[in-house]
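> Let me see the structure of the following:
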Amino acid sequence: MNETWRNSVKTLVKETFGGPPSEGGMFTEARPNSGLFGTLDKLTANEASVSVNGATVAAHADHTRFYLWGTNAILKDGKQPDMNWEESWKISSVDDEGWHRIREELRHEYATLLESLDELEWNEPLTKEVLGSLAHSAYHLGAIRQMLKAIKM
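Presented below is the predicted three-dimensional model:
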């Protein structure tokens, strides 16, 4: 795969999770910590447990982790693992330890994805999987950012 393509995908994945580089972002706010990690790290466990329209930020974060886990399994093994999507939405509240665990596991799956992108034998199905995971994660970042408007009123 073309290095320009690989580097572009990695830049967008990094922006989704870590926020934009210092020179400004492509789609997140052009300020530090506006990616998923910075957004989640500003929340307490109690805030992450507030239900907004039937879901919590904790559930969105863990669902994003779950999706990344599935993507990482596909990139590694070439097939989708058994995934119970309903289970990925069942978190209604977290304590401090649980909230920390969700964020650490999300960071782990993100790091695994970045490593995989460097090693990936790009083809159409895997490219679609990576781009789908990027879009899915960016969607949940936007959803969480909108939820914050209700949580932090």
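> Which residue is the nearest non-sequential neighbour of residue 151?
residue 50 (4.9 Å; CB to CB, 6 or more residues apart in numbering). In this view, the C-beta of every residue, glycine as well, is placed from N, C-alpha and C.
> now residue 105
With CB to CB, 6+ apart, the residue lying closest to residue 105 is residue 65, at 5.2 Å.
> Can you give me the neighbour number for the one you found?
For residue 65, the count of nearby residues is 23 (other CB atoms under 10 Å).
> what helix or strand is it on?
For residue 65, the host element (DSSP states H and E) is helix 57-77.
> What backbone torsions are found at the residue nearest to residue 151?
In terms of degrees, to the nearest 10, the main-chain angles of residue 50 are phi -70, psi 130.
> Report the buried residues of the helix holding residue 65.
The neighbour-count check on helix 57-77 (16 or more other CB atoms under 10 Å) flags 57-75 as buried.
> what residues are up against the residue nearest to residue 105?
Residues in contact with residue 65 (CB atoms under 8 Å, 6 or more residues apart in numbering) are 102, 105-106, 109.
> Could you dump these into JSON lines with neighbour count added?
What follows is the contacts of residue 65, written out as JSON lines (neighbours: other CB atoms under 10 Å):
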{"residue": "102", "neighbour count": "23"}
{"residue": "105", "neighbour count": "16"}
{"residue": "106", "neighbour count": "22"}
{"residue": "109", "neighbour count": "21"}
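> where do the helices sit along the chain?
For the chain, helices defined by DSSP state H occupy the ranges 3-18, 36-41, 45-48, 57-77, 96-119, 124-151.
> roughly how far apart are the residue sitting nearest the centre point of the chain and residue 2?
By CA atoms, centre = their mean, the chain has its centre lying nearest to residue 137, at 4.2 Å. Look at residue 137 and residue 2: by CB to CB, to the nearest Å, they are 23 Å apart.
> that older thread, ok, now how distant is the residue nearest to residue 151 from residue 44?
The value you get for residue 50 to residue 44, if CB to CB is used, is 10 Å.
> Kindly report the same for residue 7.
Taking CB to CB, one finds residue 7 at 36 Å from residue 44.
> cool, residue 99 as well?
8 Å.
> Among these two, which residue is more densely surrounded?
Each of residue 99 and residue 44 has its neighbours counted (other CB under 10 Å); residue 99 has more, 25 against 12.
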